[in-house]
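> Predicted model and sequence follow; I will ask about them next.
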Amino acid sequence: MTTTVAMLAALALLMGTWVATAQRAAALDPFTGYLMAHFSAEFTGGEQIFLAHSTDGLNWTDLNNGDPVVVSTVGTRGVRDPAIVRSPQGDKYWIIATDLRIASGTSWPDASERGSKSLVVWESTNLVDWSEPRLVDVAGSIPGAGDAWAPEAIYDPATGDYVVYWATNAPLNGVTKHRIYYSRTSDFRTFTPAQLYIDRPGGQGIIDTQIVESPTSVGGFRYYRASADGQITIEASNSILGTWTTIGNLSHMGITNGTGGGNVVEGPMWMPSNDGTSWTLWLDQFATGGGYMPIRSSNLGSTQNFQTVSPYNLGGTLKRHGSIMQITAAERSRVVARWGSTAVSRIQSYNFQDRYVRHTNFDVRIDPNVSPAQDGQWRIVPGLAGTGTVSFQSVNFPDHYLRHDNFDFVLARYDGTSTFRSDASFKAVAGLASSSWTSYQSYNYPDRYIRHWGYELRLDPITDATGRADATFRTVG
């Protein structure tokens, strides 16, 4: 009887695991492309979140015309080393990143010894509408912690939550250096206390680590990780927090993280192929400023299996330490529809032709000699409310759009609501004062149009010649 009960319990557990796995597998359509999240460099606007997409994993197209897609308004107001994460069901996404802005004048010693101990987190349900950024203090409980850098996350099917891991510079056993710590979370809001994950011998630090899964255990293991620890070291394990076996490094290819010279790289970034036959490891050639380079293997059981890959094209922006996520056709369609290439335009007034629509302190008006110039630059994109409309996306605040609020115009961050979509969408029609120009009719108040009044933008009914002139515009480069 005891044996029978045990067998039934084991069968139930097996069936439950199979059902959960089947549900996860069925939740996602086949992967047909790739999405890269990255930062660019230490210049104004360069330490934010950029996205690029690819169909073959080698030739990349910048989204949002190479400008940031989301920006940090918390902590240091700069972010680096983004990791993009999808839930197993494909119904939620997160971006986690280092809270660090070197462009503000912060020195590297200050950043590593007295820097932010928090990560910046965004979340989304559709990969295009992102929450406000929030800070999560992951390293504050580590004695003497100086920073929290280069976060990554991987779903752990054994526990049904995520292992988030990052580098912190802290003293331990008389040695202060960067080690990898980890925490668990199910929602990227509440995290378990930080625990030590990877510590190299002696004074050797480690900052960049990224794990990739091999579902069919090609090479003998389920998980492989690449770490920048003087070399680019490849290790393997059958569980994320279990014992890891060293496979080797890339020194035989003339690639290191500084120990022994050669091509000095950092930020290893895994990309499983969509056909399941190979893994590409992208390496950031930061020492020469060359951006990422790819090497590829069809069997991660030996580092001797890696080969260089060419040709490849990274697009128009410098791509620094990030991550790559496989995406479905539907996911790619959404990100391209939102952030595909769109020209930057200025919006010129018909009756005050030296003035252009601009935002200032998130108010919207027409002004001459707009400074800084990006305050008067817009991307006219497919309307948030749907077919036949347009929306005006800010160039220097790419998650903000022109919208009316009580018939006054503001520049506001897109909150994903239907009210916002309606308030930020307009129908482009022949200009009310000149048919060769354009007027913009409100989507949700079709008897009203965008016009200026006292140089401030409003949404009004148009009843006379002055109103028709005030409500007429054209786009220029």
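Nice, thanks for sending it over.
> This structure: helices as residue ranges?
2-26, 108-113, 329-339, 418-423, 465-470 (DSSP state H).
> These: lowest mean pLDDT?
Sorting those by mean pLDDT places helix 2-26 lowest, at a mean of 38.
> For the closest residue to residue 260 other than its chain neighbours, list the residues it contacts.
Of all residues not flanking residue 260 in the chain, residue 251 sits nearest, at 5.9 Å (Cβ to Cβ, 6 or more residues apart in numbering). Where you see a C-beta, it was placed from the backbone N, CA and C, and this is true even at glycine. Counting by Cβ atoms under 8 Å, 6 or more residues apart in numbering, residue 251 makes contact with 231, 260, 262.
> okay, who's weakest in those by pLDDT?
Lowest-confidence member of the contacts of residue 251: residue 260, scoring 83 (pLDDT).
> count of residues packed around it?
Neighbour count of residue 260, defined by other Cβ atoms under 10 Å: 13.
> cool, the one 5 residues further on as well?
Per other Cβ under 10 Å, the neighbour tally for residue 265 reads 25.
> ok, it to residue 320 distance?
According to Cβ to Cβ, to the nearest Å, residue 265 and residue 320 sit 11 Å apart.
> who touches both of those two?
284, 286.
> Skip the chain neighbours and tell me the closest residue to residue 292.
Using Cβ to Cβ, 6+ apart and skipping the chain neighbours, the partner closest in space to residue 292 is residue 282 (4.5 Å).
> scratch that, residue 202
With sequence-adjacent residues excluded and distances taken as Cβ to Cβ, 6+ apart, residue 202 is closest to residue 175, at 7.5 Å.
> before we move on, the earlier item: of the contacts of residue 251, closest to residue 142?
Comparing the contacts of residue 251 against residue 142 with Cβ to Cβ places residue 231 closest, at 25.2 Å.
> show me what contacts the closest one?
So residue 231 contacts 249-251, 256-257, 259-260 (Cβ under 8 Å, 6+ apart).
> re the thing from before, in CSV, list the contacts of residue 251 along with distance to residue 299.
Formatted as CSV, the contacts of residue 251 follow (distance: Cβ to Cβ, whole Å):
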residue, distance to residue 299
231, 20
260, 25
262, 23
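> So which of these are in strands?
Counting by DSSP state E, no part of the contacts of residue 251 is found in strands.
> Let me know whether residue 355 touches residue 368 as I believe.
Yes - using Cβ atoms under 8 Å, residue 355 is in contact with residue 368, at 5.2 Å.
> okay, those two: which has more neighbours?
Using other Cβ under 10 Å as the criterion, residue 355 and residue 368 rank with residue 355 on top: 19 against 13.
> How about that one, nearest residue that isn't a chain neighbour?
Take residue 355 and drop its neighbours on the chain: the residue closest to it by Cβ to Cβ, 6+ apart is residue 366, 4.0 Å away.
> what bridges to that neighbour?
residue 357 (DSSP bridges).
> how near is it to residue 200?
In terms of Cβ to Cβ, residue 366 sits 59 Å off from residue 200.
> Please say which of these two ends up with more neighbours.
Counted by other Cβ under 10 Å, residue 366 and residue 200 do not tie: residue 366 has more neighbours, with 22 against 16.
> How is this protein partitioned into domains?
34-329, 344-476 (automatic domain parsing).
> Same list, those, but as a markdown table with distance to residue 28 please.
Compiled in a markdown table, the domains of the chain are given as follows (distance: least, Cβ to Cβ, whole Å):
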| stretch | distance to residue 28 |
| --- | --- |
| domain 34-329 | 5 |
| domain 344-476 | 22 |
